[in-house]
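**Student:** just coords:
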């Protein structure tokens, strides 16, 4: 029969081994999380750098920045019906409704009523064809 002191000693040794194993696994997991975060940052930067991957629909604030108007002006134009149905995507989230604007079609819709100048970095476009 094993004495209680021996049992406690064995349990303490086993507990130490288990704690060491948990620390090793946790350290490896932290490295994995750091690597995963870096991969995500790298992917996002590469994804944004490729023009073909540009988001097709814009938030009202992004469209307002592009057209150099306020977001309330974008909302006013939407309420007045200046955007075609193909230019707006309506997303209902519970009681809230968000509107997204097609990157090309929305600018075309507005260019018919308001002269738009878009700075592309190379030249200034005075109309959107």
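**Tutor:** Arrived safely, thanks for sending. As the structure is a computational prediction, the values presented were derived from the model and not from experiment.

**Student:** could you pull out the helices for this structure?
**Tutor:** 4-49, 60-67, 71-80, 105-111 (DSSP state H).

**Student:** okay, which residue is most central for this protein?
**Tutor:** Centre of the chain computed as the mean C-alpha position; nearest residue by C-alpha atoms, centre = their mean is residue 44, 8.7 Å away.

**Student:** pLDDT at that residue, what is it?
**Tutor:** We note a pLDDT of 71 for residue 44 in this prediction.

**Student:** how far away is residue 9 from residue 20?
**Tutor:** 17 Å (C-beta to C-beta, to the nearest Å). Placement of C-beta: from N, CA and C, glycine included.

**Student:** now swap in residue 75 and tell me
**Tutor:** In terms of C-beta to C-beta, residue 75 sits 60 Å off from residue 20.

**Student:** More neighbours: which of the two?
**Tutor:** Counted by other C-beta atoms under 10 Å, residue 75 and residue 20 do not tie: residue 75 has more neighbours, with 13 against 10.

**Student:** In contact with the residue lying closest to that one once chain neighbours are set aside, which residues are there?
**Tutor:** Among residues not flanking residue 75 along the chain, residue 60 sits closest, at 6.7 Å (C-beta to C-beta, 6 or more residues apart in numbering). By C-beta atoms under 8 Å, 6 or more residues apart in numbering, the contact list for residue 60 reads 71, 74, 75, 99, 101.

**Student:** Filter the residues you listed down to the buried ones.
**Tutor:** 74, 99, 101 (16 or more other C-beta atoms under 10 Å).

**Student:** and those as JSON lines, adding distance to residue 93 and pLDDT?
**Tutor:** Output for the buried ones among the contacts of residue 60, formatted as JSON lines (distance: C-beta to C-beta, whole Å; pLDDT from 0 to 100):
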{"residue": "74", "distance to residue 93": "19", "pLDDT": "93"}
{"residue": "99", "distance to residue 93": "12", "pLDDT": "95"}
{"residue": "101", "distance to residue 93": "17", "pLDDT": "93"}
